[in-house]
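**Q** A structural model of the following input is requested.
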Amino acid sequence: MPKLKIDNVEIEVEAGTSILQAAEQLGVEVPRFCYHERMSVPANCRMCLVELKGSPKPVASCAMPCGDNMEVFTDSDLTRKARKGVMEMLLINHPLDCPICDQGGECDLQDQALGYGFDRGRFAENKRAVQDKYMGPLIKTIMTRCIHCTRCIRFCDEIAGVSALGAMGRSEHMEIGTYIEAAIGSELSGNLADVCPVGALTHKPYAYTARPWELRKTDSIDVMDAVGSNIRVDARGAEVMRVLPRLNEDVNEEWLADKSRWAVDGLTKRRLDRPFARKDGKLQPVSWSDAVALAGAKLKQAGAKSAAIVGDLVDAESILALKDLMTGLGSSKLECRQSGEKFDPSQRAGWLFNPTIAGLEQADVVLIVGSNPRWEAPLIDARLRKRERALGLKVAVIGPKPNLTYPVEHLGTGADVLQAIADGTHPFAQVLKSAQRPVLLLGSGATERDDGLAVHALARRAAEANGVVKDGWNGFAFLHRAAARVGALELGFAQRDGDLETLYRGCESGEIELVYLLGADEIDTSRLGRAFVIYQGHHGDVGAHRADLILAGAAWTEKHGTYVNTEGRAQLARQASFPPGEAREDWKILRAVSEPAGATLPYDTLGAVRKRLSLQAACFANVDRVTPASWASFGRDGAVAATPFVLPIDNYYMTDPVSRASPTMAACVREILEGDTEEAKKKTGTHG
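**A** Numbering: from 1, shown residues only. Take a look at the predicted model:
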């Protein structure tokens, strides 16, 4: 391990550590533009120059590895002069756009020009102008501002796995673009604006809408998938203006998926802002007192003949309140698997992502069964790509072959291949057995079939037979795609001897007289028969259209709530804005309805609800930590059909009521999935 001195302070670092990284370990700030700790080192901005004793000129600290007996000076006269010279050159062609630039107030170039720049400009020549490029509905380009740091190129190539950007030309004629004009086809493209250190790439949906200092910033959790990405919600008044990622190395690192980032403009569209009741075949506005009284009366009348279904965006507090209400009425007809999955909910190990998201970086073989992680969980897909680039991770797929961002081996399309692996007759079984830390990633879509329970059991047998589960390692990973699913399963909001089909048949036969839909919009409402339907949610989507009574609830940005991600990590979402009109928080609505229903809930405050949550399942008492599951038998042994698996998502950008209401997600569908770029350019005025 080399020892060196930085600003006369001795430090010992690991071999291969750069001078810039060593300086950071000492808390010494070294400016940079091109360097990013998660990407390769190009050393082309030269802003990180430092003085190295014995070197005839300053060296780029990001690319210079530490050596024994080095002496480095980060604040000498030579270093300061070099940085001022670099900054002066960078600003030669940079336009004076700061008053109108969306990056203003959050710009690395602004900050470093203030700290390290020259106090005046000496160049009178005309500035270079570069034509803007079209990069899709999420990224706005002002390429004259570009300083050629190449962060965007490296992000696409190395992190996103989509080689969409590159540099064309040389010297002052160099431009960064997409070669062939097209929208960037990555689910992580919004991160390009985050990594850009100047205002060359900014967020198109956010353009010219707000300044950073106008916004109220709230730490929260994303609910657009089951990863549980840590986010910061920026709101002005009652409106959410944007969502940015927060650093969490165990979950999303510092990245965020596009739907998580920009579907939030759907929060202001198609909202339910007051209660409605169906009268004479039409939904009519009613007061809260009338709505609560009607809901209570209908629940009391139906009693044990009531059923409840929770949706994909519901917080655990509301799920607990609904379960307690149904239990008080004598009903056990509860279901959270609104997509129709048939798996065994009795054992946690059977429906958790047991190796954890960060644990994927230890895997050496991954078998994906009936899943497309690129659309179901883009940040888990990014983890797999990261591991593949570092190790050459071997990935195989059973089911339709998805367009993933790393090489995969396609083994087949149906459960017969998984059966052969479980029996040890398939060649890939030996690959799993010889691996140190193999992972079997089972998609929730693989269980959306009549033999789902048998598929669940077959996946368990395949894991046990091939060393996926062994001492010190549990590589069985069930990948959910709904933020509310694991929290509901932890609370027992799923039938052990039935599923959604069981509830449908009960409604059609008249056995179920009332159905309470808590944000459930992905169900087949035509199969609810003549049951009285209470819909509680925040958008006028599928559930609201079928409802006989609508209770207007709050979205996840408008309330405090707990969500459990696919690996079993409970995290807290915090209120960033207020619900519109007369809408109310969901658990409070359920508490109010419970009184006239004759099953009054035993809590009146959020603290009391969370105390009861922590008593229901251990994960709610271990916030921000994964509560591991003990391995046990699950599923139901039986014959599996040779029918090919079907991927559950055919449109990444519209999977829930909020994203379906989002104008930005509609633009993504039009411009990325359908490829209608000409119409997009007409609307945005972007050409060339």
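**Q** and the strands in the stretch 551-688 of the chain?
**A** 561-564, 570-573 (DSSP state E, counting those that start in this stretch).
**Q** pull up the pairing partners for the first one, direction included.
**A** Sheet neighbours of strand 561-564, with direction, are listed as strand 570-573 (antiparallel) (DSSP bridges).
**Q** what comes up buried for the partner strand?
**A** Across strand 570-573, burial judged by 16 or more other C-beta atoms under 10 Å covers 570-571, 573. C-beta here means a position set from N, CA and C on the backbone, and glycine is covered the same way.
**Q** swap in stretch 297-306?
**A** Residues of stretch 297-306 classed as buried by neighbour count (16+ other C-beta under 10 Å): 298-299, 302-303, 305-306.
**Q** what about the spatially closest residue to Asp637 that is not a sequence neighbour, distance to Ser371?
**A** Distances taken as C-beta to C-beta, 6 or more residues apart in numbering put Ala457 closest to Asp637, at 5.0 Å, once the chain neighbours are dropped. Going from Ala457 to Ser371 by C-beta to C-beta, to the nearest Å gives 18 Å.
**Q** who's more crowded, these two?
**A** Taking other C-beta atoms under 10 Å, Ala457 and Ser371 do not tie; Ser371 has more neighbours (29 against 22).
**Q** pretty sure that one is touching Leu440, no?
**A** No - counting by C-beta atoms under 8 Å, Ser371 sits too far from Leu440 to count as a contact (10.7 Å).
**Q** count the neighbours of the residue nearest to Asp676 when sequence neighbours are not counted for me.
**A** Excluding the flanking residues, the one nearest Asp676 by C-beta to C-beta, 6+ apart is Arg670, at 5.0 Å. Per other C-beta under 10 Å, the neighbour tally for Arg670 reads 18.
**Q** next one: Val593
**A** As a burial measure, Val593 scores 27 neighbours (other C-beta under 10 Å).
**Q** now swap in Thr643 and tell me
**A** Neighbour tally, Thr643, other C-beta under 10 Å: 13.
**Q** and what of Lys204?
**A** The burial count for Lys204: 21, using other C-beta under 10 Å.
**Q** ok, now the one 4 residues further on?
**A** Neighbourhood size, Tyr208 [other C-beta under 10 Å]: 9.
**Q** mind listing what the residue nearest to it when sequence neighbours are not counted touches?
**A** Counting by C-beta to C-beta, 6+ apart, Tyr208 lies nearest to Asp102, which is 6.9 Å off, once chain neighbours are set aside. Asp102 makes contact with 140, 199, 202-203, 206-208 under the criterion C-beta atoms under 8 Å, 6 or more residues apart in numbering.
**Q** among the buried residues of stretch 297-306, which are located in helices?
**A** Counted as lying in helices by DSSP state H, out of these, are 298-299, 302.
**Q** closest one of those residues to His148?
**A** The shortest gap between His148 and any of these belongs to Leu299, at 64.3 Å (C-beta to C-beta).
**Q** could you pull up the residues touching the closest residue to that closest one other than its chain neighbours?
**A** Once flanking residues are discounted, Leu299 sits nearest to Ala597: 4.0 Å by C-beta to C-beta, 6+ apart. For Ala597, the contact set (C-beta under 8 Å, 6+ apart) comprises 295-297, 299-300, 325, 328-329.
**Q** try 7 Å this time
**A** When contacts are counted by C-beta atoms under 7 Å, 6 or more residues apart in numbering, Ala597 is found next to 296, 299-300, 325, 329.
**Q** repeat that for Tyr35.
**A** So Tyr35 contacts 20, 41, 48, 62 (C-beta under 7 Å, 6+ apart).
**Q** ok, now Ala454?
**A** For Ala454, the contact set (C-beta under 7 Å, 6+ apart) comprises 636-640.
**Q** what number of residues lie near Ser287?
**A** Other residues close to Ser287 by other C-beta under 10 Å number 12.
**Q** so how far is Pro648 from the closest residue to it other than its chain neighbours?
**A** Leaving aside its sequence neighbours, Ser287 sits nearest to Pro275 (C-beta to C-beta, 6+ apart; 7.2 Å). Computed as C-beta to C-beta, the Pro275 to Pro648 distance reads 33 Å.
**Q** the more surrounded of those two?
**A** Neighbours per residue (other C-beta under 10 Å) separate Pro275 from Pro648, with Pro275 holding more: 26 against 21.
**Q** who's in contact with that one?
**A** 286, 288, 291, 550-552.
**Q** with Met665 instead?
**A** 259, 263, 266, 653-654, 659.
**Q** same check on Ile176?
**A** Ile176 neighbours (C-beta under 7 Å, 6+ apart): 143, 146, 152-153, 165, 167.
**Q** which of the residues you listed sit farthest apart?
**A** Among these, Met143 and Ile153 lie farthest apart (C-beta to C-beta), at 13.1 Å.
**Q** re earlier: make TSV out of the contacts of Asp102 and add secondary structure and distance to Ala363.
**A** What follows is those, written out as TSV (DSSP: H, G, I helix; E, B strand; the rest coil; distance: C-beta to C-beta, whole Å):
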residue	secondary structure	distance to Ala363
Lys140	strand	37
Gly199	coil	39
Thr202	strand	36
His203	strand	33
Tyr206	helix	36
Ala207	coil	40
Tyr208	coil	44
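**Q** buried ones among the residues you listed?
**A** Buried members of these, scored by 16+ other C-beta under 10 Å, are 140, 199, 202-203, 206.
**Q** still on that earlier bit, specify which member of the contacts of Ala597 is nearest to Gly607.
**A** Nearest member of the contacts of Ala597 to Gly607, counting by C-beta to C-beta, is Leu325, at 19.4 Å.
**Q** hmm, the closest one is touching Leu601, no?
**A** Yes - in this structure Leu325 lies within contact range of Leu601 using C-beta atoms under 7 Å: 6.5 Å.
**Q** please enumerate the shared neighbours of the two.
**A** Common contacts of Leu325 and Leu601 (C-beta under 7 Å, 6+ apart): 590, 594.
**Q** circling back to that earlier point, next up, the contacts around the residue nearest to Asp637.
**A** Shown in contact with Ala457 (C-beta under 7 Å, 6+ apart): 635-637.
**Q** in a helix, it, correct?
**A** Yes - residue state for Ala457 (DSSP: H, G, I helix; E, B strand; the rest coil) corresponds to a helix.
**Q** against Ile19, how distant is it?
**A** Taken as C-beta to C-beta, the span from Ala457 to Ile19 is 55 Å.
**Q** ok so, going back, wait, which of the strands of the stretch 551-688 of the chain is closest to Glu361?
**A** Judging the strands of the stretch 551-688 of the chain by C-beta to C-beta, what sits closest to Glu361 is strand 570-573, at 20.3 Å.
**Q** which strand or helix spans the closest residue in space to Ala592 that isn't next to it in sequence?
**A** Once flanking residues are discounted, Ala592 sits nearest to Val292: 5.0 Å by C-beta to C-beta, 6+ apart. In this structure, Val292 sits in helix 288-302 according to DSSP states H and E.
**Q** other SSEs contacting that helix?
**A** strand 514-518, strand 549-552, helix 586-594 (3 or more C-beta pairs under 7 Å, 6 or more residues apart in numbering; DSSP states H and E).
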